[in-house]
Structure formats: C-alpha cells, structure tokens
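*Asks:* need coordinates for the below:
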Amino acid sequence: MTGRSRLLLSEAWRSLGANFSTTVAATLTVLIGMFLLGLFIALGTWTVSWSNHVKHELVVKVQIRNTVDKKPVTRAQETAFARELQNNPYVKENGIEFVSKAEALKQMDKRYPDLTANLPYNPLKDQFNLTPNKPENVDKLFASLTGKNQSPLVLKVIDGKQLSHRILAVAHVIEAVFVIATLVLVVASVLLISNTIRLSIFSRRREIEVMKLVGATNWFVRGPFMLEGLFCGLVGSALAVVLLIVGKEVALPSILPHIGGGSDVHAWPFYRDAVALLAAGLLLGAAGSGLTLRRFLQV
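*Replies:* Alright, predicted model coming up:
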C-alpha cells in the first residue's frame, strides 16, 4: 500500500471517529433504504413471477363436433387436426392437450358430482386445449382458428377473451409499477444519504477550503469522504441483509402457506438480492459523498 493510500485511509478512519453521530446517521439511513429496497425486490420479483405464471395459464379451448356431414368424427380425423394445430405459428411447442369427452366427464364428476349423478348420456365434447407461444398472442391464436380459417371439425373456440385481457392488463401494470417504484426508492435513498453526509462535510468545510488553498487536488480531497461513504454504505447494506435473513427465516415460513401460486412462482434467489443490496449500498454511499462534495470544492 502506497503512502498516499495509507493517508487517505487514515483520514477516512479519523473522520469516521470524529464525526461518529453523522456516521451512525448515514449508516442507519443506508440500512433503512437498503432494507426497504430488499423487501421490495423480493416482493416485486415474486409478483412479476406470479403474473408470468398467470399469463402462461391462458389457453384457447377448441371443442370438436360429434358429427360432420352426418358422419361421426373419427379419432383419425382428430389426429390429423392435431397435426394442423402443431403447425400453427401461435401455438406453443408441446402446448397442445387433448381432453376426450370421457375424460372431461370424469373431471366434471370429481368437481361437481351432483351435476353428473343422473345424466342419461355424456353431453360433453372432445376438446383441444391450446397454449399460445406468447400470452400476448392469445387473440391471434383465436383469430387463426375462427372465421374463414375454422375447420369443419370445430364446433366452438373459447378463449375467455375478457378474462385474458384483464390478466394481461394487470400483469403489465404490475411490471410497470415494480420498475417505477424501484427507481423512486433508489433516488430517495441517494437523496437521504446525500443529505446525511452533507452534515459531516458542512462541519468540515473550513478544512476542505484549507486543503484546496494549499494545492490539494479535487480527488485527494474527495477520497476520504468517498471512503467514508463506502464504509457507511457497506455496513448499512450488510446490516440490511442480516435483517432480511432474519425475516426470511422467521416470518416467511408462516406467510408462504397463505399465498397462492404454482411451483414456478418464486422471488429472486436470496443471494442475488443480497449481492444487489451490497453493490447498491456501496454505490449509493460513494455517489452520495462524491455528489455532495462537489459544491464545497469550488474554492
């Protein structure tokens, strides 16, 4: 380590001790900001994952006629129609599920046994459930199966248009709110840290003026303050990670059973959240010090 580096470190350490109250205030500011940011990242990524899960549950149901031209529809005709569906550009790969009317009746009997108890015959139809390759293509998939494109085998195409549009709209709103709120929280953290560090710098403005008058460069003056900001950012974000770990181990197990969602619904892995918070704490601490110091360097 060079003498210049040792001098910067010693000055930063001396300032941390001499301005203990502002150091604690800056560290607590980072702690609160990073803890809230960590909570929001976890909640926001889980919500976005949930919206993606819901979007990928959108399906288009194609009911098959029992007869065509007074002749029963054969399984071979249904197989040929399935091959046509596989070539549809809006159908997801392996996104075709065939549900026979016998299987549909079994499923209905499990869910609503009272409705199927006295049925004289099976009124249901063979059906293909199609998953679009992209949730936003559900309308295009519906259009490709109806109108002049509709196969003679098809009795009805059901896409739940109103529900699917509502799901897509809610999902897009969730994603937009997550991005905007994250940016607002980051900006608010920078401002809070900057204002806290400004108190420390303001109390030492005479010292800064003297250093500038004797020929110290801007970066030499800025160095100790940025190291202080890095220290406050690192300690504050590390404490925020510790609090999040405690919350994850204590509160999360009692919350998860009451939250809906599938096995593919999950937040960011915790290690990514922790790394992001540590990096954000370091960046915000250094940026808060550097940006606040600029006005005091104009001597």
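*Asks:* quick one, helices of the chain?
*Replies:* 3-18, 20-55, 75-86, 101-111, 113-116, 138-145, 161-203, 205-213, 218-250, 252-255, 270-293 (DSSP state H).
*Asks:* which of those sits closest to I64?
*Replies:* Ranking the helices of the chain by their distance to I64 (criterion: C-beta to C-beta) puts helix 75-86 first, at 6.2 Å. Backbone N, C-alpha and C define where each C-beta goes, glycine included.
*Asks:* residues contacting L230?
*Replies:* 282, 285-286 (C-beta atoms under 8 Å, 6 or more residues apart in numbering).
*Asks:* just give the closest residue to Q127, not the sequence neighbours.
*Replies:* V99 (4.8 Å; C-beta to C-beta, 6 or more residues apart in numbering).
*Asks:* in the chain, which residue is closest to the centre?
*Replies:* Taking C-alpha atoms, centre = their mean, the centroid of the chain lies closest to T45, which sits 2.5 Å from it.
*Asks:* that residue and G215, how far apart?
*Replies:* With distances taken as C-beta to C-beta, to the nearest Å, T45 is found 50 Å from G215.
*Asks:* need the per-residue pLDDT for S194.
*Replies:* As predicted, S194 sits at a pLDDT of 66.
*Asks:* could you do the one 5 residues further on as well?
*Replies:* pLDDT, the model's per-residue confidence, is 69 for L199.
*Asks:* returning to that earlier point: I figured the residue nearest to the centre of the chain was touching A267, is that so?
*Replies:* Yes: with contact defined as C-beta atoms under 8 Å, T45 reaches A267; the gap is 4.6 Å.
*Asks:* OK, contacts around L28?
*Replies:* L28 makes contact with G236, according to C-beta under 8 Å, 6+ apart.
*Asks:* for A279, same thing?
*Replies:* Neighbours of A279 in contact, by C-beta under 8 Å, 6+ apart: none.
*Asks:* any idea how far G233 is from it?
*Replies:* A279 is 10 Å from G233, by C-beta to C-beta.
*Asks:* check T146 too.
*Replies:* According to C-beta to C-beta, T146 and G233 sit 58 Å apart.
*Asks:* do the same with P132
*Replies:* Distance, P132 to G233, using C-beta to C-beta: 45 Å.
*Asks:* of those two, who's got more company?
*Replies:* G233 (30 against 24; other C-beta atoms under 10 Å).
*Asks:* leaving out chain neighbours, which residue sits closest to that one?
*Replies:* G285 (2.4 Å).
*Asks:* neighbours around that neighbour, how many?
*Replies:* Neighbours of G285 using other C-beta under 10 Å come to 30.
*Asks:* repeat for D159
*Replies:* Residue neighbour count, defined by other C-beta under 10 Å, stands at 22 for D159.
*Asks:* and for L239?
*Replies:* L239: 18 neighbours (other C-beta under 10 Å).
*Asks:* that one against I32, yeah?
*Replies:* No: counting by C-beta under 8 Å, I32 is not a contact partner of L239; they are 9.9 Å apart.
*Asks:* so who does G281 touch?
*Replies:* The neighbourhood of G281, defined by C-beta under 8 Å, 6+ apart, consists of 30, 34, 233-234, 236-238, 240.
*Asks:* can I get the residues you listed in CSV with pLDDT and distance to R206?
*Replies:* Shown next, in CSV, are those (pLDDT from 0 to 100; distance: C-beta to C-beta, whole Å):
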residue, pLDDT, distance to R206
V30, 78, 27
M34, 81, 33
G233, 79, 26
L234, 83, 29
G236, 83, 28
S237, 85, 32
A238, 88, 33
A240, 86, 34
